[in-house]
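Asker: Task: produce atomic coordinates for the following.
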Amino acid sequence: MCRNIKTLYNFEPPATDEEIHAAALQFVRKISGFNQPSQVNEAAFLAAVEEITAAASKLLNALETNAPPKDRETEAAKARERSSKRFAR
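Answerer: Next up, the predicted model:
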């Protein structure tokens with residue numbers, strides 16, 4: 001999985017449309033191998049981003065859980081801790 005794509009489900013506050021779009025963009029970049037597509041591929045690239053954004057939004061809205069929502073700041077702190085341990089010199 002692309003490291004830049006973050007889990008978006010079950011957070012308080014919920015993921016925004018911008019966060020979902022950013023995750024879709026990262027996904028399309030990863031599978032296409034393009035950071036910025038050429039003009040000839042731009043329409044297909046942007047269409048894929050929009051389709052994946054829609055699918056991801058639909059998925060996030062359909063999921064159900066009994067677990068309490070996670071706090072974004074707490075999860076970010078845990079990620080920073082894991083990163084500091086992983087990349088410690």
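Asker: right, and the helix or strand after the strand or helix carrying Glu19?
Answerer: According to DSSP states H and E, Glu19 maps onto helix 17-32. Moving toward the C-terminus from helix 17-32, the next helix or strand (DSSP H and E) is helix 39-62.
Asker: Now do the buried residues in that next one.
Answerer: The neighbour-count check on helix 39-62 (16 or more other Cβ atoms under 10 Å) flags 45, 48-49, 52-53, 56-57 as buried. Yep, even glycine has a C-beta here, placed from its N, CA and C like the rest.
Asker: between those, which is closest to Thr16?
Answerer: Ser57 (10.5 Å; Cβ to Cβ).
Asker: Tell me which residues touch that closest one, please.
Answerer: For Ser57, the contact set (Cβ atoms under 8 Å, 6 or more residues apart in numbering) comprises 17, 20.
Asker: Let's see that with 6 Å instead.
Answerer: Ile20 (Cβ atoms under 6 Å, 6 or more residues apart in numbering).
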